[in-house]
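Participant: model this:
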Amino acid sequence: MTPQLSTAQKDALETQHRVERNGRVRDRIKAVLLKSEGWTNKAIGQALRIHPETVAGHL
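Facilitator: Predicted coordinates:
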């Protein structure tokens with residue numbers, strides 16, 4: 001299931017990503033943004049160097 005994010009939601013997540021100091025939180029934000037762009041859990045996991053099941057948990 002691909003999350004449908006509005007432009008405002010994407011902008012808010014990108015802003016949060018820029019100011020967030022916790023790397024794990026940044027990875028979660030990236031996972032949501034990439035999934036909303038149509039990436040698979042496997043591709044996101046490879047890009048972020050985390051397990052695809054971890055990606056599914058973030059989503």
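
Participant: distance of Gln46 from Leu59?
Facilitator: As judged by C-beta to C-beta, to the nearest Å, Gln46 and Leu59 stand 16 Å apart. For glycine as for every other residue, the C-beta is placed from the backbone atoms N, C-alpha and C.

Participant: please compute how far the helix or strand Arg18 falls within lies from its chain's middle.
Facilitator: Assigned by DSSP states H and E, Arg18 falls within helix 7-19. Averaging C-alpha positions (C-alpha atoms, centre = their mean, to the nearest Å) puts helix 7-19 11 Å from its chain's average.

Participant: report the angle between the helix or strand just after that helix and helix 7-19.
Facilitator: Following helix 7-19 in sequence order, the next helix or strand is helix 23-36 (DSSP H and E). For helix 23-36 against helix 7-19, the angle by axes from the mean of the first three to the mean of the last three C-alpha atoms, to 10 degrees is 150 degrees.

Participant: in the helix or strand that helix 23-36 is followed by, what's buried?
Facilitator: Downstream of helix 23-36, the next assigned helix or strand under DSSP H and E is helix 41-48. The neighbour-count criterion (16 or more other C-beta atoms under 10 Å) identifies 41, 44-45, 48 as the buried residues of helix 41-48.
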